[in-house]
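Trainee: Requesting a structural model of the entry that follows:
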Amino acid sequence: MLDIYLIAFSFLLSCIITLYAVPSIIKLAYQKRLFDDPALESRKIHKYRTPNIGGIAVLTSFAFTACLFISGYTLPYANYIFASGVLIFSVGLKDDLAALNPYKKFVAQLITAFIVVFLADVRLTSFYGVLGIHEIHPAVSYAFSSLLVVFIINAFNLIDGINGLLGSICLIVSLVFAYTFFQLGEYGLTMLASSLAGSIVGFLRYNAGRARIFMGDAGAYTIGFVLSVLTIQFVEINAGIELAASSSIFVQSVPAVAISILIIPIFDTLRVIALRLVRGKSPFEADRNHLHHRLLDNGMSHNQVTLTLAAVNLLYIGVAFGFQHIGTVDLLILVGILTLVLNTLLWLFDVRKTSVAPSSTTTAVPIVPKTRATSLFAPEIEDHAHKLAKEAIQQLEEEAHKN
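Mentor: Numbering: from 1, shown residues only. Now for the predicted structure:
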């Protein structure tokens, strides 16, 4: 009983620290002008400059709480996790403050993965029947696990495009992992997941709805890294118990269940990468082809998109746990069919909206002849007035945003 109270306390403490830290970070960001400026990129969705260093609060509260409650006995490799976490956070923060070359970020992510995979031995040792493959060679295990860590880090970073989405999906995933690890008696991993969930709840207070601060790459990278470790351990521990048949408390068809838990970031990332490659673009090139962009273009608000994708994620989790007994391959097929059906429904909605959209009407505008003086000076006067008006409106928005 004491364990569950400590887990609940770690969740609450992490949440309280974040709630206390974020307002100070917002104030500092405005003083030092550390913004995500939508004027710098046309694909940006937000309309006003917003602080993008919220990951500092998330890492601080999560790391403090986890280190306070996790012992070497409950999680022997915790030092490697936090060392890697600090590294990937630093890379993300550098990218938030000054844009970093994507290839340099990729190298840093590989180094982060190397630390936990090779030094902490956090890796997949089998494909558990997926594609008919079971045990794999250690070299394949290390390489595949390292790439999986990098993939999950980037997958969570890519869904951080609208208010509250990354935090909501992370909260769902971390709570599912916390519950599962608690049932398995893995209290170190439970503390890790619950501390992360608490920090996210505190952050969502300022990020959901009308966002006052963004997570930034520092927060997204840190979240993705921690969840990649939890995902690999979720698969390994449950699969090991299933093979040993030493307990009735385990998740069956665990690789398929793990994919279902992370379905939104996994599907969105694979879809975007495939579209970029088909169009002859670099997979690192940013665009507006994500699921949240697609839903926004259909007229949904930020809150509606976030709630919709969170509900879809919960649907997949429910299906995975409800049908886990059918086997890994069959469950993967079921998940694939469900994905195809939902994507087709969204496509049909796109087509229907396009077909019923009223045709635009044009109104004749009388052409006023310009004098020589007007043609010479009007563009300059108009541009200057537009610039002054835009700056005034932006300042008013930022003042209202801070309050």
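Trainee: Return the list of helices and strands in contact with the strand or helix carrying L295.
Mentor: Assigned by DSSP states H and E, L295 belongs to helix 291-297. On a contact count with 3 or more Cβ pairs under 8 Å, 6 or more residues apart in numbering; DSSP states H and E, helix 291-297 meets helix 263-278, helix 302-322, helix 328-356. For glycine as for every other residue, the C-beta is placed from the backbone atoms N, C-alpha and C.
Trainee: In contact with G198, which residues are there?
Mentor: Applying Cβ atoms under 8 Å, 6 or more residues apart in numbering, we find G198 in contact with S10, F11, L12, L13, S14, C15, T18, S61, F62, T65.
Trainee: Mind doing that once more with 10 Å?
Mentor: With contact set as Cβ atoms under 10 Å, 6 or more residues apart in numbering, G198 has these partners: 7-19, 61-62, 65-66, 171, 174, 178.
Trainee: ok, and the closest non-adjacent residue to it?
Mentor: The shortest distance from G198 to any non-neighbouring residue, by Cβ to Cβ, 6 or more residues apart in numbering, is to S14 (3.2 Å).
Trainee: quick one: I162 from F156, how far?
Mentor: I162 sits 14 Å away from F156, going by Cβ to Cβ, to the nearest Å.
Trainee: which of those two has more neighbours?
Mentor: Taking neighbours as other Cβ atoms under 10 Å, I162 and F156 compare with F156 leading, 29 against 22.
Trainee: What helix or strand is the more buried one located in?
Mentor: In this structure, F156 sits in helix 138-158 according to DSSP H and E.
Trainee: What mean pLDDT does the helix or strand just after that helix get?
Mentor: Per DSSP H and E, the first helix or strand lying C-terminal to helix 138-158 is helix 165-184. Average pLDDT, helix 165-184: 95.
Trainee: helices and strands around helix 165-184, which ones?
Mentor: helix 2-32, helix 55-69, helix 138-158, helix 187-207, helix 216-244, helix 254-261, helix 263-278, helix 302-322 (3 or more Cβ pairs under 10 Å, 6 or more residues apart in numbering; DSSP states H and E).
Trainee: Tell me which of these sits most buried.
Mentor: Mean neighbour count (mean count of other Cβ atoms under 10 Å) peaks for helix 187-207 among the helices and strands packed on helix 165-184, with a mean of 26.
Trainee: mind checking pLDDT for the closest residue to H293 other than its chain neighbours?
Mentor: Closest residue to H293 apart from its sequence neighbours, by Cβ to Cβ, 6+ apart: G161 at 6.9 Å. The model reports G161 with a pLDDT of 81.
Trainee: I figured G161 hits H290, correct?
Mentor: Yes - if you go by Cβ atoms under 10 Å, G161 and H290 touch, sitting 5.7 Å apart.
Trainee: quick one, what contacts the spatially most central residue of the chain?
Mentor: Geometric centre of the chain, nearest residue: F156, 2.9 Å, by Cα atoms, centre = their mean. The contact partners of F156, taken as Cβ under 10 Å, 6+ apart, are 166, 169-170, 173, 215, 219-228, 262, 264-266, 269.
Trainee: Now find how far off-centre the helix holding L295 is within its chain.
Mentor: Centroid separation between helix 291-297 and its chain, computed with Cα atoms, centre = their mean, to the nearest Å, is 16 Å.
Trainee: Same question for it: list its buried residues.
Mentor: L291, H292, H293, R294, L295, L296 (16 or more other Cβ atoms under 10 Å).
Trainee: could you redo these as JSON lines and give each row distance to N303 and pLDDT?
Mentor: As requested, the buried residues of helix 291-297 are arranged in JSON lines below (distance: Cβ to Cβ, whole Å; pLDDT from 0 to 100):
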{"residue": "L291", "distance to N303": "15", "pLDDT": "86"}
{"residue": "H292", "distance to N303": "12", "pLDDT": "86"}
{"residue": "H293", "distance to N303": "16", "pLDDT": "81"}
{"residue": "R294", "distance to N303": "16", "pLDDT": "85"}
{"residue": "L295", "distance to N303": "11", "pLDDT": "87"}
{"residue": "L296", "distance to N303": "11", "pLDDT": "85"}
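Trainee: nearest to T339, of these?
Mentor: Within the buried residues of helix 291-297, distances to T339 taken as Cβ to Cβ reach their minimum at L291, with 11.4 Å.
Trainee: Touching, that closest one and I266? I think so.
Mentor: No - using Cβ under 10 Å, L291 and I266 do not qualify as a contacting pair, with a distance of 11.5 Å.
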